[in-house]
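S.K.: Below is the sequence, then the predicted model.
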Amino acid sequence: MSTPYAKLPAWADYGLIPLINLFVAFIVAGLVVLLIGENPFRAAAILVEGALGRGQAIAYTLYYATSFIFTGLAVAVAFHCGLFNIGGEGQAYVGGLGVALVCLAFDSILPWWLTFPIAIVGAAVFGAAWAFIPAYLQARRGSHIVITTIMFNFIAASLMVYLLVNVLKPAASQAPQTRTFLEGGQLPKLNFLFDAIGLTVRSSPFNVSFLLALLAAFLVWVLIWRTRLGYEIRTRGHSPKAARYAGVSETRIIIITMLVSGALAGMMALNPVMGDQNRLQIDFVTGAGFVGIAVALMGRSHPAGIVPAAILFGILYQGGAELAFEMPGISRDMIVIIQGLVILFAGALENMFRPSLQALFANIRPSSVGVEAKQGERA
Amino acid sequence: MGNAAIELIGIDKSFGLVRANRDISLKIPAGTIHGIIGENGAGKSTLMSILYGFYQADRGEILIHGEKAKIETPSDAIARGIGMVHQHFMLVHNFTVLENIILGAEGEPLLNTSIAKARAELQRLEREYGLEVDPDAIVEDLPVGLQQRVEILKALYRGAEILILDEPTGVLTPAEADHLFRILRQLKEEGKTVVLITHKLREIMAVTDNVSVMRQGALVATSKTSETTVEELAELMVGRRVLLRVEKGPAAPGDVLLSVKNLTVKDSRGVTMVDDVSFDLRTGEIVGIAGVAGNGQSELLETITGIRKAVSGTVTLDGIPIDLTGAADPSELRARGLAHVPEDRHHMGLVLPFDESENSILGYHRQEKYAKGPILDVDAIRNDAEEKIRKYDIRPPNPQLKTANFSGGNQQKIVLAREMEQDPKVLIVGQPTRGVDVGGIEFIHKRLIEMRDRGKAVLLVSVELDEIRSLSDRILVMFAGRIVGERAGDATEGELGLLMAGVDERETAA
């Protein structure tokens, strides 16, 4: 009786519910488009075509998705420990500093494949360091991590502007950015993958950090579900009292989790900084840290959900840009509203359709919900 | 039975696939005390929640005083003269008794008139039923027994003719429980109808006129209390014969394994919860700590097991002191042979969203046999879990099922299997059978006796006096953080009851 509703099978939990949520989000977004006098079906067609229609478009979509995978994983790891890391934005920003410093130091002496691992470490260390302070304050002083990580986003933004303008900017330049990295600080593009399957890509920022993102997703799965540390992280996340009982130090587990989370967020910087712009620019994160929250929510904090969710948001980003270009009635802000609706339905209203679906399942497929075992069992 | 206060006809209620109530028909005559008894999960609370308007029945009818009633919310129930006293009190702690009583029935925006009216009404109720409470006392300052009285007054103030009490004695001392029963009889004399939900057979025998037994959502029997026996009721509840008394031989206590000296513990607000407690625990004995919930037993357990820090005092395990500064690592204590079955199984002893197999290593997850380097050995963990499932007859026997989907008794077996299979020297057990059905209790009690007979030391904390008495070789009674007395295992309920209520030994002797 403690669980009034039956449990859903995994495929419905992880597949059907996100799809229903997405479907509803698109219906509501369609109504908004209708309201401003545009044809929602044409808008949807442009969006999908713009994101997936050509090799070029797919490459851009995956480029955005790469960033979202990293920030989504960062949020998810913290979620598993019961921590809400809203600071992905700032951690990624500071992670960019780590990437830039490594590239500036080694781009003239090392080939990219040697600079890359050092830059990964640089990104991870800087991102983790930025997460360490809120983590320490939470673990030792009880300062709420949501508040501190939000504040640290602002501090990161100010700090980076200061550093770019006063320290990192080449003397003669007008723009607040570092010098452009040489070949040793540039990641190769992956456009040839599209050529191999017969799609043409003229130029796109899609680069090898996508492969790193997929590897990170796999490693996060191993960490959370297959290691002792992940077991302790999940124990703390579900029940701090059980963690204390099991001998898991709260201070230690919070700090370690936030370091991992910050490192993942920091690694997001590799994609735009080393993979695309080849220099450190102001505001290069452009909200990817926040999108990571939606990606983690939609992906149910599981890497197998986060990767598709990140690609979905890549589609919305890339397709949305095309839509704003093609349909004058739909401005950039409308795109943000549509993305917001997806976040609302996929994340915040996650549980809206769950109860009715559970009831439905209980009626049509009793065996799939695993409840009979409970009935009539006596200890 | 022409004059039924409550008549239920064919009540059916399902939650998803679980049929919590199946086709229940029951007549409760006005002016009687009616007991409803059954194991946890038998559907007692669901049935009463339907009657009180928390849930809607899928099918069936409710007649109140012969009149068909549609009860959709608790306010409908109150309007029909039904009052409910919940297991966990629904009182505002920092309000006075009077403020709590008028809460939700204030009547007007300004409180002074309704308070005056309530005060007069309260005095009348006190006179009629002997329900004395200081109307101006702050609720949190009152002992639990009086808080419960406030709940009863609340229901009567709203004009309740039918009073439902859900497990009312769980938090009371035996003396307080007796007082409650006197009040219930008084209410009956005045023509009120009382429904008593409980899993304690003794209470049913003591106070009810009629009794209904529920099992797996169905009503299996209703009879006059005077025409039935405890054994018969127990058998009806479980569906087979049960041993109500644990069989155990005499204890053979050996060396001191755990020694607690002058232990004092304060909670986060600085209130002393454990006050200068000393005792020894030897091999081959079960020491029971009796007491009403909230008298420091929980804090004592958590301090000994390294979860909570002490202000002063020492605890030694096998001659070596335990770090009481709050920095103790519970897993290190486990390695030294101290196993702990915590009181709060849902939040401390288990992680409910985890698989059964994951919970079967909680606290022991750093052991080498469960991992290859930093990577958990999933196969080893599952094999280990399967073995425990076999040995402890955990049902359903599926190590990959979420722990939340096991029944209370099986969840407790998961914890017990984990802690006992590590072959500890000392087993600390808190409320081992809380929320466990009769069949499970029998199993758990047998296992605890087995531990003792294998030469282990068992420290048992329970608010169930029957459990303490049937298992313990020595009984310590805790009251207000202190150990107020020690008795042999065969102490009578009466003398323990006095100690639990804080009546000092010497005073009684004088």
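M.R.: Perfect, thanks for sending it.
S.K.: element containing the residue most central in space within chain A?
M.R.: The centroid of chain A falls nearest to A:Gly72 when counting by C-alpha atoms, centre = their mean (2.5 Å). Taking DSSP states H and E as the definition, A:Gly72 sits inside helix A:55-80.
S.K.: Count the residues that sit near the closest residue to chain A within chain B.
M.R.: Across chain B, no residue is closer to chain A than B:Gly409, which sits at 2.3 Å (C-beta to the nearest C-beta). All C-beta spots, glycine's among them, are computed from the backbone N, C-alpha and C. Taking other C-beta atoms under 10 Å in any protein chain shown as the criterion, the count of residues near B:Gly409 is 25.
S.K.: Quickly find the element holding it.
M.R.: Using DSSP H and E, the element containing B:Gly409 is helix B:408-420.
S.K.: Quickly note the distance from the residue lying closest to A:Lys189 once chain neighbours are set aside to A:Ala213.
M.R.: Distances taken as C-beta to C-beta, 6 or more residues apart in numbering or on different chains place A:Asn207 nearest to A:Lys189, at 5.2 Å, with adjacent residues excluded. Distance, A:Asn207 to A:Ala213, by C-beta to C-beta, to the nearest Å: 10 Å.
S.K.: who touches the closest residue to chain B within the stretch 101-250 of chain A in this structure?
M.R.: Nearest to chain B, among the residues of the stretch 101-250 of chain A, is A:Gly247, at 3.2 Å (C-beta to the nearest C-beta). Contacts for A:Gly247 (C-beta atoms under 8 Å, 6 or more residues apart in numbering or on different chains) come out as B:Asp329, B:Pro330, B:Ser331, B:Glu332, B:Arg334, B:Gly363, B:Arg366.
S.K.: The third one against B:Gly363, yeah?
M.R.: It stands for B:Ser331. Yes - taking contact to mean C-beta atoms under 8 Å, the distance of 6.1 Å between B:Ser331 and B:Gly363 places them in contact.
S.K.: higher neighbour count, these two?
M.R.: Comparing B:Ser331 with B:Gly363 by other C-beta under 10 Å, the one with more neighbours is B:Gly363, at 24 against 18.
S.K.: dump the residue contacts of that one.
M.R.: Remark: with contacts taken as C-beta under 8 Å, 6+ apart, B:Gly363 is in contact with A:Tyr245, A:Ala246, A:Gly247, B:Pro330, B:Ser331, B:Arg334, B:Arg418.
S.K.: which one in those residues is the model shakiest on?
M.R.: Least confident by pLDDT among these: that is B:Ser331, with 85.
S.K.: Which residues of the stretch 351-500 of chain B lie near chain A?
M.R.: Applying the criterion C-beta under 8 Å from any C-beta of the partner chain, the portion of the stretch 351-500 of chain B that neighbours chain A consists of B:351-354, B:358, B:362-363, B:365-366, B:371, B:374-376, B:378, B:395-396, B:398, B:401-402, B:404-410, B:412-413, B:436-437, B:439-440, B:443.
S.K.: Make a ChimeraX selection of the buried ones in those.
M.R.: Here is the ChimeraX command that selects only those of these that count as buried (16 or more other C-beta atoms under 10 Å in any protein chain shown):
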select /B:351,352,354,358,362,363,365,366,371,376,395,396,398,401,402,404,405,406,407,408,409,410,412,413,436,437,439,440,443
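S.K.: Please flag which of the residues of the stretch 351-500 of chain B next to chain A sit within strands.
M.R.: Members of these lying in strands (criterion: DSSP state E): B:Ala371, B:Ile375, B:Leu376.
S.K.: pLDDT added to those residues, as JSON lines?
M.R.: What follows is those, written out as JSON lines (pLDDT from 0 to 100):
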{"residue": "B:Ala371", "pLDDT": "89"}
{"residue": "B:Ile375", "pLDDT": "92"}
{"residue": "B:Leu376", "pLDDT": "94"}
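S.K.: what ranges of chain A fall below the confidence cut-off?
M.R.: With pLDDT under 70 as the threshold, chain A has low-confidence stretches at A:1-7, A:347-348, A:350, A:362-379.
S.K.: actually the stretch 151-300 of chain B, not the one I typed
M.R.: Scanning the stretch 151-300 of chain B with the threshold set as pLDDT under 70 gives B:242-245.
S.K.: near chain A, which residues of it?
M.R.: Close to chain A, as judged by C-beta under 8 Å from any C-beta, the stretch 151-300 of chain B has residues B:Gln216, B:Val238, B:Gly239.
S.K.: Please identify which of the contacts of B:Gly363 is nearest to A:Glu326.
M.R.: A:Ala246 (56.0 Å; C-beta to C-beta).
S.K.: That closest one and A:Ile254: what is the separation?
M.R.: If you go by C-beta to C-beta, the gap between A:Ala246 and A:Ile254 works out to 15 Å.
S.K.: Right, I'll leave it there.
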